[in-house]
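In: Structure here, sequence nowhere to be found:
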């Protein structure tokens, strides 16, 4: 009887975890740090730029909508690698869905130009369009947005 | 690591150029509004050129500011064009449909040459 070796299952590999104070502008710190963390994972430039925008927008939402711009409330960011996917989890202390996440209205530029919609409201729309998958979880105390981007390779994952 | 938005304006025949630098985010509102008003102060500024060549960051609030500028320009019957966007921000202009309303040029020279053809 011939035994065939099967590939071992992959487990997530934590690449970085850090917190930021909830102050406007700190999304730039998140963007830069995540970009540095994933720089060797083989993300094409286009994907990297998309991930940076998604991370910045999600962090802005966490600061503003989740933590109410209260500096003492941290935004927690974790970067993990799951096989050929990078997952960035951004957690605030709001515990509830952000207003834009429960709004059924998509931004409509024509309506915005006519005054039928606020010029704002692009953040979640951009996030959805920048990453391969976006998920949101809440537990009443914490709110987390999960951003998934495929790297196209699995050279750095850890096997058990 | 962050750089505040700055704007310089200059007049061309029939057009006004607003050259932006730094970051186009919520903090750019005052700068962008003042630049637009200065640039369109000339009576014949039928076209407004927004040049992003020296812009290194645009976020969703910055997109909202650009929407506001575009809405105001359209109400005043002015055309808005843009130049110098990186490939990433060109993609964002496409996704948001801004590029349906704002003609995009690779750089300011090409935007200006298209707007002000040489005299015959």
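Out: It's in. As the structure is a computational prediction, the values presented were derived from the model and not from experiment.

In: how about the residues of chain A that lie near chain B?
Out: Neighbours of chain B within chain A, by Cβ under 8 Å from any Cβ of the partner chain: A:24-25, A:27-29, A:32, A:46, A:49-50, A:53, A:56-57, A:60, A:107, A:109-110, A:112-113, A:115, A:118-123, A:125-126, A:129. No exception for glycine: its C-beta is placed from N, CA and C like everyone else's.

In: Just the buried ones from the residues you listed?
Out: A:27-29, A:49-50, A:53, A:56-57, A:60, A:107, A:109, A:112-113, A:119-123, A:125-126, A:129 (16 or more other Cβ atoms under 10 Å in any protein chain shown).

In: Among the residues of chain A next to chain B, which ones are in helices?
Out: A:27-29, A:32, A:46, A:49-50, A:53, A:56-57, A:60, A:109-110, A:112-113, A:123, A:125-126, A:129 (DSSP state H).

In: Centre-most residue in chain B?
Out: By Cα atoms, centre = their mean, the mean C-alpha position of chain B lies nearest to residue B:50, the distance being 1.8 Å.

In: in what helix or strand does the closest residue to it other than its chain neighbours lie?
Out: Of all residues not flanking residue B:50 in the chain, residue B:82 sits nearest, at 4.7 Å (Cβ to Cβ, 6 or more residues apart in numbering or on different chains). Residue B:82 belongs to strand B:79-83 when assigned by DSSP states H and E.

In: Next, the angle helix A:45-61 makes with the helix or strand following that strand.
Out: Proceeding N to C from strand B:79-83, the next assigned helix or strand is helix B:87-95, under DSSP H and E. With axes from the mean of the first three to the mean of the last three Cα atoms, to 10 degrees as the basis, helix B:87-95 and helix A:45-61 are set at 70 degrees to each other.

In: as a whole number, average confidence for helix B:87-95?
Out: The average pLDDT for helix B:87-95 rounds to 98.

In: For that helix, could you pull out the residues that count as buried?
Out: Judged by neighbour count (16+ other Cβ under 10 Å), helix B:87-95 contains these buried residues: B:88, B:89, B:90, B:91, B:92, B:93, B:95.

In: do stretch A:60-80 as well
Out: By neighbour count with 16+ other Cβ under 10 Å, stretch A:60-80 contains the buried residues A:60-67, A:73-80.

In: Taking those together, which two end up most distant?
Out: The most widely separated members of the buried residues of stretch A:60-80, counting by Cβ to Cβ, are A:64 and A:80 (24.9 Å).

In: helices and strands around the strand or helix carrying residue A:86, which ones?
Out: Using DSSP H and E, residue A:86 maps to strand A:85-92. Counting contacts by 3 or more Cβ pairs under 8 Å, 6 or more residues apart in numbering or on different chains; DSSP states H and E, strand A:85-92 packs against helix A:27-38, helix A:45-61, strand A:74-82, strand A:143-150.

In: circling back: for chain A, tell me which of the buried residues of helix B:87-95 show up nearby.
Out: Within the buried residues of helix B:87-95, those near chain A by Cβ under 8 Å from any Cβ are B:88, B:91, B:92, B:95.
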